[in-house]
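Asks: My questions concern the predicted model and sequence given below.
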Amino acid sequence: MAVTDQAAVWYLHPIRVRYQETDQMGIVFHGNYVTWFEIGRTELVRQLGMPYVQIEREGLLLPVVDLECKYVSPARYDDIVLICTTIEQFSPVRLSFRSEVRRIRQGEEYPAEWRGQRPPGELLVQGGTSHVWVNKEFRPSRLDKSLPELYALLKRVSKGNI
């Protein structure tokens, strides 16, 4: 797997932790981070100019084939966290995202796109997901052939090819 030396392009999406996302201990229930990873992926593609609903209308799906999640520090009710997502690896049939959830202070604002090795804030959770492009019959599909506009957008911001 080849990864270039260029700085990552992180897509940042802030959220405030809702009470319903916490458990009896007052911290965010671990399963919510997987949902937040999905929010990050969806918002990354939207920020590139192609909402996921449009991708599905074109007949493509992007199922998760691998998930990694490491918990570093807990988020709590009413914290403001940034869901940070970057494209880690990319090919016409596979796509991997690196995700981080980071706590920021009230009033801190960041641009939707961040360039650098590390996004801002205190690291809470890190991980990622790997996917394959499939058609509606769940057969592998080459993104460069099926939806070349999206392929070009993703290639522009990916830091590595597989």
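Replies: Arrived safely.
Asks: Low-confidence stretches in the chain?
Replies: In the predicted model, the chain carries pLDDT under 70 at residues 1-6, 159-162.
Asks: need the longest helix for it.
Replies: Ordering each helix of the chain by length in residues (DSSP state H) puts helix 32-48 first.
Asks: how about that one: buried residues?
Replies: 32-33, 36-38, 40-48 (16 or more other Cβ atoms under 10 Å). The C-beta positions use only the backbone N, C-alpha and C, and glycine is treated the same way.
Asks: And the helix or strand that that helix is followed by, what does it pack against?
Replies: Per DSSP states H and E, the first helix or strand lying C-terminal to helix 32-48 is helix 52-57. The contact analysis (3 or more Cβ pairs under 8 Å, 6 or more residues apart in numbering; DSSP states H and E) places helix 52-57 against helix 32-48.
Asks: Output the buried residues of helix 32-48 in a markdown table; the columns should cover distance to Asp79.
Replies: A markdown table is the format used below for the buried residues of helix 32-48 (distance: Cβ to Cβ, whole Å):
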| residue | distance to Asp79 |
| --- | --- |
| Asn32 | 12 |
| Tyr33 | 13 |
| Trp36 | 12 |
| Phe37 | 17 |
| Glu38 | 19 |
| Gly40 | 16 |
| Arg41 | 21 |
| Thr42 | 21 |
| Glu43 | 19 |
| Leu44 | 22 |
| Val45 | 25 |
| Arg46 | 24 |
| Gln47 | 23 |
| Leu48 | 27 |
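Asks: and which of these is nearest Tyr11?
Replies: Leu44 (4.1 Å; Cβ to Cβ).
Asks: residue contacts, that closest one?
Replies: 11, 85-87, 97 (Cβ atoms under 8 Å, 6 or more residues apart in numbering).
Asks: And Pro120, by the same measure?
Replies: Pro120 touches 12, 82, 102, 104, 108, 110, 114, counting by Cβ under 8 Å, 6+ apart.
Asks: ok, Tyr11 touching Gln47?
Replies: Yes. If you go by Cβ atoms under 8 Å, Tyr11 and Gln47 touch, sitting 5.4 Å apart.
Asks: Please enumerate the strands of this structure.
Replies: 2-3, 9-16, 60-61, 64-71, 80-90, 94-104, 113-115, 122-132, 134-135, 160-161 (DSSP state E).
Asks: I'd like these laid out as TSV, including distance to Met25.
Replies: Shown next, in TSV, are those (distance: least, Cβ to Cβ, whole Å):
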stretch	distance to Met25
strand 2-3	37
strand 9-16	19
strand 60-61	36
strand 64-71	13
strand 80-90	17
strand 94-104	17
strand 113-115	31
strand 122-132	15
strand 134-135	39
strand 160-161	37
